[in-house]
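**Q** Okay, structure incoming, though there's no sequence with it:
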């Protein structure tokens, strides 16, 4: 079941609109706040974190009235993906950008991977972005832009995470393929984060975190705001001649 919050008001046709998936917390929320600060209206997608998404949109609407709306959808359900695209466009009668940020990530040691895990990781990290782009492409305004959040390690392989890495590698290639297929009307790019601030319930052990941090040439974790600024640039007129690029925001991790 998908729900939308927000009041119907007059539509300002001059304000750009972005749909950001998985936007209630962390990188997604940082992208939303960054675009909103630039004057965008934002559609904040969430599923299990819908309460946090509504709290975020309440804050944004308090700063600028009728500028943010929260939408709940299960991106593993193709019908809900279609409805998400419909409602994102209908809210302000326009859509200028789609940011595919929603992702599922957990350890899957090879030899014990279940079909359900494969289906889940491929559905959230590859199938959902593909279907949502397809659902949004006719709704996106001419000159619109799509940014997919991939993973800097999707090109090298990570033991213990095979389905996730395979899905993100697929999203990387999908980004390049659709940059060709949707041009010249739409631009399609990606951002490839490296190691970000560890989640409250981290997937890696403390020893693994220390080992991974030592691999980063800049010797620090990335911040969600740094990814958000890269997304903002790719959506801007300054990047108007940029398409098919996956921009690393990884402190040099891809080089090690």
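**A** Here it is on my side, so go on. Predicted model only: the values in this text are computed from it and were never measured.

**Q** tell me which element residue 66 falls in.
**A** Here residue 66 sits in a region with no helix or strand, counting by DSSP states H and E.

**Q** low-confidence ranges in this structure?
**A** 1-11, 199-202 (pLDDT under 70).

**Q** Quickly note the distance from residue 21 to residue 71.
**A** Distance of residue 21 to residue 71, given as CB to CB, to the nearest Å: 9 Å. For the C-beta atoms, the positions are set from N, CA and C on the backbone; glycine is no exception.

**Q** all strands for the stretch 51-200 of the chain, in order.
**A** 68-72, 95-100, 140-149, 187-193 (DSSP state E, counting those that start in this stretch).

**Q** For the residue nearest to residue 57 when sequence neighbours are not counted, grab the count of nearby residues.
**A** Spatial nearest neighbour of residue 57, excluding adjacent residues (CB to CB, 6 or more residues apart in numbering): residue 68 at 4.0 Å. Per other CB atoms under 10 Å, the neighbour tally for residue 68 reads 29.

**Q** Okay, and the beta partners of residue 68?
**A** With DSSP bridges as the criterion, residue 68 is bridged to residue 42.

**Q** who touches it in this structure?
**A** For residue 68, the contacting residues are 6, 32, 36, 41, 42, 43, 44, 56, 57, 60, 61, by CB atoms under 8 Å, 6 or more residues apart in numbering.

**Q** Output those in a markdown table, with distance to residue 79 appended to each entry.
**A** A markdown table is the format used below for the contacts of residue 68 (distance: CB to CB, whole Å):
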| residue | distance to residue 79 |
| --- | --- |
| 6 | 22 |
| 32 | 25 |
| 36 | 29 |
| 41 | 25 |
| 42 | 24 |
| 43 | 18 |
| 44 | 20 |
| 56 | 26 |
| 57 | 24 |
| 60 | 28 |
| 61 | 28 |
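
**Q** among the residues you listed, which are in helices?
**A** 32, 36, 56, 57, 60, 61 (DSSP state H).
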